[in-house]
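Undergrad: Below: sequence and its predicted model.
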Amino acid sequence: MKKSNGTPGKAAAGSSTLLRTLNFRDLLLLFIGAVIGSGIFLVPGGILQQTGGSVTLALLVWVIGGVLSLLGALTYAELSAANPTAGGLYCYVRDAFGRFPAFLYGWCLFLVISSGSVAALARAFAIHLAEIIPLSRLEMTIAAVAVVAVVTAVNVWGTRKSSDLLNWMTLIKALVIVVLSAVLLSLGRHASESFTANTPAVHGKDLFAGFGLAMIAVLWAYEGWQFATYNAGEALEPQRNFPRAFLAGSLILTGLYLLANLAYLVALGPVAAASSDAIAAASMKAVVGPWAGKLIALTILVSTFSAANSVVLSSPRVFYAMAQ
């Protein structure tokens, strides 16, 4: 198996064009940026509802989701370190199961997974932009198309430019989650009731089914880190940086998600939190004022744009590997 020495500016193993320019920081922020979209700002209320209003069970779902995500991420990190070539998961499927399954995966990624992800993120961007400024349906469509056009243009400009933009936007949205949580925890008035709401309203099969549905939503909120493997052919010192970046990224994400969930509970209380479909906006409105809802919408704009950029930055490396 070929291995690269990870020399800066050197073409990836088996490649005559891709240069290794992504360091540990880039991989870490790509990992985090690809995961944090709109989920953490929207789904925690539904998680609490599915677990019967039990704060303990709701937080347990997030912890289990984080552990499962960590196990998957470390597996992918080892694969990326062992075979640091462009294409990531496509290459692992090809090497393990043959060209035909890899061919099917690559075309599904092209026709459905990546294109659908970018379209959904662009649509989410337009929807939340309409919460800040009034937009017609046509204007929302134009805004969504503009998002796709901008992230495409940035990536055509160059991997380094796209990665730098992704780094800054990921830092911004992670910082916003921390600041948002600090504000809600310091100003919220429902701490005591939140930490005593441990008895679920449902039991038996209903609780088991609800826990499973909650886990699906949580795993969706943690989804996205696999995109970082597609850039293995552009990573510096992949044998060292991939495991470190994926481990650190998983732990940071789990910490951010738990912090945000606790903040929402302190701001709204478990009953109001469980009934909210837009829990971040509802929390800020309850604690700060009605105007804070637009601040959350702005945060989701940054978050969805960053996630779309991470998909466009990563996915074409699979198509590059397929073409080879």
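TA: Looks like it came in fine. Note that the structure is a prediction, hence the values are computed from the model and not measured. Numbers count the residues shown, from 1 in each chain.

Undergrad: From here on, just use CA atoms for contacts and neighbour counts.
TA: Noted.

Undergrad: got the contact list for the residue nearest the centre of the chain?
TA: Taking Cα atoms, centre = their mean, the centroid of the chain lies closest to Val35, which sits 1.1 Å from it. When contacts are counted by Cα atoms under 8 Å, 6 or more residues apart in numbering, Val35 is found next to Ala221, Tyr222, Glu223, Gly224, Trp225, Ala307.

Undergrad: Any of those residues buried? List them.
TA: Ala221, Tyr222, Glu223, Gly224, Trp225, Ala307 (16 or more other Cα atoms under 10 Å).

Undergrad: Sketch out the low-pLDDT regions of the stretch 101-250 of the chain for me.
TA: For the stretch 101-250 of the chain, applying pLDDT under 70 flags the ranges 192-204.

Undergrad: how about the helices in it?
TA: 114-129, 137-157, 159-187, 191-194, 204-222, 238-268 (DSSP state H, counting those that start in this stretch).

Undergrad: So which of those is the most surrounded?
TA: Highest mean neighbour count of the helices of the stretch 101-250 of the chain: helix 238-268, a mean of 23 (counted as mean count of other Cα atoms under 10 Å).

Undergrad: and that one, how far out from the chain's middle?
TA: Relative to its parent chain, helix 238-268 has a centroid offset of 11 Å by Cα atoms, centre = their mean, to the nearest Å.

Undergrad: Look up how far Ala235 lies from the residue lying closest to Ser163 once chain neighbours are set aside.
TA: Closest residue in space to Ser163, ignoring its immediate chain neighbours: Asp26 at 6.7 Å, by Cα to Cα, 6 or more residues apart in numbering. Here the criterion is Cα to Cα, to the nearest Å. By it, Asp26 lies 9 Å from Ala235.

Undergrad: How about Ser38?
TA: Computed as Cα to Cα, the Ser38 to Ala235 distance reads 27 Å.

Undergrad: neighbour count winner among those two?
TA: Neighbours were counted for Ser38 and for Ala235 using other Cα atoms under 10 Å; Ala235 has more, 30 against 21.

Undergrad: Let me see the contact set for that one.
TA: So Ala235 contacts Gly6, Arg20, Thr21, Leu22, Asn23, Leu27, Pro84, Asn241 (Cα under 8 Å, 6+ apart).

Undergrad: Looking at those residues, spot the one nearest Ser163.
TA: The closest of the contacts of Ala235 to Ser163 turns out to be Leu22 (Cα to Cα; 8.0 Å).

Undergrad: out of the contacts of Ala235, which is most surrounded?
TA: Pro84 (31 neighbours).

Undergrad: Pretty sure that residue sits against Tyr230.
TA: No - with contact defined as Cα atoms under 8 Å, Pro84 does not reach Tyr230; the gap is 9.2 Å.

Undergrad: tell me the contacts of Phe319?
TA: Contacts of Phe319 (Cα under 8 Å, 6+ apart): Gly87, Gly106, Phe110.

Undergrad: go again using 6 Å as the cut-off
TA: If you count contacts by Cα atoms under 6 Å, 6 or more residues apart in numbering, Phe319 has none.

Undergrad: and the gap between it and Phe103?
TA: From Phe319 to Phe103 the distance is 10 Å (Cα to Cα).

Undergrad: what do you get for Val154?
TA: With Cα to Cα as the criterion, Val154 and Phe103 are 28 Å apart.

Undergrad: Same question for Ser306.
TA: 28 Å.

Undergrad: More neighbours: these two, which one.
TA: Ser306 (29 against 15).

Undergrad: how distant is the helix or strand harbouring that one from the center of its chain?
TA: Using DSSP states H and E, Ser306 maps to helix 292-314. Remark: helix 292-314 is offset 10 Å from the chain centroid, using Cα atoms, centre = their mean.

Undergrad: Same check on stretch 61-80?
TA: 13 Å.

Undergrad: Give the rounded mean pLDDT of it.
TA: For stretch 61-80, mean pLDDT rounds to 93.

Undergrad: List the buried residues of it.
TA: So stretch 61-80, judged by 16+ other Cα under 10 Å, has buried residues 61-63, 65-66, 69-70, 73-74, 76-80.
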